[in-house]
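Undergrad: Here you go, sequence then predicted model.
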Amino acid sequence: MKREVIQGALENVLSTIENLDKKSVLDVFAREGDWNSYLIYNRCQKMECWEIDSAFEKKLKENLPNAKIKILDSIKTINNYNIDKKYDVVFIDNSLGIYGKNQYCEHFNFIKNTKRLVNKGGYLIFNVSVKPFKGKNYKEYENQRKFFYKTSETTLDYLIQFYKDLFGINSSDSITIFPREKFNFKIYLYFFLVKIV
Ligand SMILES: C[S@@+](CC[C@H](N)C(=O)[O-])C[C@H]1O[C@@H](n2cnc3c(N)ncnc32)[C@H](O)[C@@H]1O
């Protein structure tokens, strides 16, 4: 019973983004940045990081010294976003399951709105769990997940089509998936890379 990170998963995502060194990146769930975000920071031109918990701010500044850091509620900010500022890449590395004060679940209540933050031709990188494992508040998570995906039978093919529909994507080239983590030796978590056209 263990979770296993697939080595190089995010590196694989990043290597498919052309000219990342000339791109602006927004990381909406930054924590201290030393799990995944630093890999993007090291390769992009400039980065802005959002994080709700001010306890992470000091270490985040140390880990990503040239990033612009904002302590705010990213989900509320995304859902109310009416600023013209856009980014070439938006990285959405939310916690899994139910989180916050039990008010959020995965990316279900804001993912559609992330498109507003991305320049034309830019990218969204986000986590998709194909077969979630039973963590805290699993029953509630299962309910919210079923409501969002309109089924609990979420094969990878189903989810690819689901996100194509959600973002209005016609071309298969605009969505790419990368295995991210295994649970009990089976891949359950993927990075989805979506090109916004
Ligand atoms: C999985 S961690 C991110 C890891 C990070 N990308 C890294 O590479 O180190 C998720 C983070 O999202 C933060 N978070 C949770 N809800 C949030 C919200 N509504 N707004 C902003 N950040 C939030 C958590 O505090 C946590 O630090």
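TA: Perfect, thanks for sending it.

Undergrad: tell me how far the ends of stretch 164-178 are from each other?
TA: 16 Å (Cα to Cα, to the nearest Å).

Undergrad: Tell me how far that stretch lies from the chain's centre.
TA: From the chain centre to the centre of stretch 164-178 is a distance of 15 Å (Cα atoms, centre = their mean, to the nearest Å).

Undergrad: How about residues contacting it?
TA: The contact list for stretch 164-178 (Cβ atoms under 8 Å, 6 or more residues apart in numbering) reads 9-10, 12-13, 16, 111-112, 115, 124, 128, 156, 160, 163, 190-197. (C-beta placed from N, C-alpha, C; glycine too.)

Undergrad: Just the buried residues out of the residues you listed, in ChimeraX syntax.
TA: In ChimeraX syntax, the buried subset of these is picked out as below (16 or more other Cβ atoms under 10 Å):
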select :9,10,12,13,111,115,124,128,160,163,190,191,192,193,194,195,196
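
Undergrad: Tell me which of the contacts of stretch 164-178 fall in strands.
TA: 124, 128, 190-195 (DSSP state E).

Undergrad: Make CSV out of the residues you listed and add distance to residue 177 and pLDDT.
TA: As requested, these are arranged in CSV below (distance: Cβ to Cβ, whole Å; pLDDT from 0 to 100):
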residue, distance to residue 177, pLDDT
124, 13, 98
128, 8, 98
190, 5, 98
191, 7, 98
192, 6, 98
193, 7, 98
194, 10, 98
195, 13, 97
